[in-house]
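Undergrad: Structural data only, the sequence is not supplied:
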């Protein structure tokens, strides 16, 4: 998980706790001003607790007896306090803290493990940062249709587009299931436009986002626009969006080959791929280029990493977009 996201979540929990404390103080002052006797009860509660603690320390042989007496005294005073609150029109729990999550008391953790509310917030933030929040409502495995792919065997490939897609889907699900492991392999989807490369990337992204992983989706053009804009103002990768490019659990780089081939784009593409490979950060790169075009468009230090460090998946068949349009 991105450290900045973890810090953001913990800052949110700290603010929740501060808000609870602030609200309790406000309510307490309000009640004290209207029912002064409750302030005296609270003072008595503090005093007797200290009294019994001191007595237990000096007379350890009677500690259990003191504990029983303390509990009895506290319960009596609390009952009196509740009676006075309700008699004056307040609910009995008016002075109790109101947490947004009763399970973790707005700390984010239960027994040292992340609370369900922490995990839910993590997923929300990951979606917000992924650039995919809206599109994934429709572009997911629930809406992936194999029937758009022909069952006719392609003589060059020795299988049908549907068989090929079934194999790619199986590998994609394994990619998702093993994502937390350390082998760190990435995918290169290549083939003509309209064959489901981007759609499948969205499907994988949604599954990983729902598991709390940090996923960032960018087109090739978007990537270089961000890097170019940032380079004009600073030479270090310190901006949060820049850090996401390098530190996200998964970077989806779509439409590789649509960017202008300049010294800048080639250098930055190498930097992104190389740094992510070094740190074991996975990528899904999709392109309409053929393998021959990749090796002719890009220098060896780029294509050798794409073809040597990525698992290659070739998409072939009829244009799915045209089939959808005809339905």
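TA: Ah, there it is. All values reported here derive from a predicted model rather than from experimental measurement.
Undergrad: Only C-alpha atoms from now on, for both contacts and neighbour counts.
TA: Will do.
Undergrad: looking only at pLDDT, what's the mean for the helix or strand harbouring residue 123?
TA: Assigned by DSSP states H and E, residue 123 belongs to helix 116-130. Over the span of helix 116-130, the pLDDT mean works out to 78.
Undergrad: Give the other helices and strands that it contacts.
TA: With contacts defined as 3 or more CA pairs under 8 Å, 6 or more residues apart in numbering; DSSP states H and E, helix 116-130 has these neighbours: helix 3-34, helix 197-210, strand 215-219.
Undergrad: what about the residue lying closest to residue 27 once chain neighbours are set aside, neighbour count?
TA: In space, residue 27 comes closest to residue 95 once its chain neighbours are excluded; the distance is 6.5 Å by CA to CA, 6 or more residues apart in numbering. A count of nearby residues for residue 95, using other CA atoms under 10 Å, gives 17.
Undergrad: Make 15 the starting number, not 1.
TA: Noted, 15 is the first residue going forward, which turns the last one into residue 109.
Undergrad: Report the contact partners of residue 109.
TA: Contact analysis of residue 109 by CA atoms under 8 Å, 6 or more residues apart in numbering lists 38, 41-42.
Undergrad: which among those residues end up buried?
TA: Among the contacts of residue 109, those scoring as buried are 38, 42 (criterion: 16 or more other CA atoms under 10 Å).
Undergrad: any chance of the contacts of residue 109 in TSV, with distance to residue 312 too?
TA: Below are the contacts of residue 109 laid out as TSV (distance: CA to CA, whole Å):
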residue	distance to residue 312
38	63
41	67
42	69
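Undergrad: which of the contacts of residue 109 lies closest to residue 232?
TA: Lowest distance from residue 232 to those (CA to CA) belongs to residue 38, with 45.4 Å.
Undergrad: Report the contact partners of the closest one.
TA: By CA under 8 Å, 6+ apart, the neighbours of residue 38 are 109-111.
Undergrad: separation between it and residue 31?
TA: As judged by CA to CA, to the nearest Å, residue 38 and residue 31 stand 11 Å apart.
Undergrad: cool, and residue 81?
TA: Here residue 81 is placed at a distance of 30 Å from residue 31 (CA to CA).
Undergrad: rewinding a little: residue 134 is nearest to which of the helices and strands packed on helix 130-144?
TA: Nearest to residue 134 among the helices and strands packed on helix 130-144 is helix 211-224; the distance by CA to CA comes to 8.9 Å.
Undergrad: all strands of the stretch 115-264 of the chain, in order?
TA: Ranges of strands in the stretch 115-264 of the chain, per DSSP state E, counting those that start in this stretch, are 123-124, 127-128, 200-205, 229-233, 264-270.
Undergrad: Now distance to residue 219 and mean neighbour count too, for those strands, in a markdown table please.
TA: What follows is those, written out as a markdown table (distance: least, CA to CA, whole Å; neighbours: other CA atoms under 10 Å):
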| stretch | distance to residue 219 | mean neighbour count |
| --- | --- | --- |
| strand 123-124 | 26 | 14 |
| strand 127-128 | 22 | 12 |
| strand 200-205 | 13 | 21 |
| strand 229-233 | 6 | 23 |
| strand 264-270 | 8 | 23 |
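Undergrad: of these, which approaches residue 194 most closely?
TA: strand 264-270 (11.1 Å).
Undergrad: Give the buried residues for whichever helix or strand comes after that closest one.
TA: Heading C-terminal from strand 264-270, the first helix or strand you meet, by DSSP H and E, is helix 277-292. For helix 277-292, the neighbour count (16+ other CA under 10 Å) marks 279-280, 282-284, 287-288, 290-291 as buried.
Undergrad: just to revisit the earlier point, name the residue in residue 81 and residue 31 with the higher neighbour count.
TA: Each of residue 81 and residue 31 has its neighbours counted (other CA under 10 Å); residue 31 has more, 19 against 15.
Undergrad: tell me the contacts of that one?
TA: 120-121.
Undergrad: do residue 272 as well
TA: With CA under 8 Å, 6+ apart, residue 272 has these contacts: 234-235.
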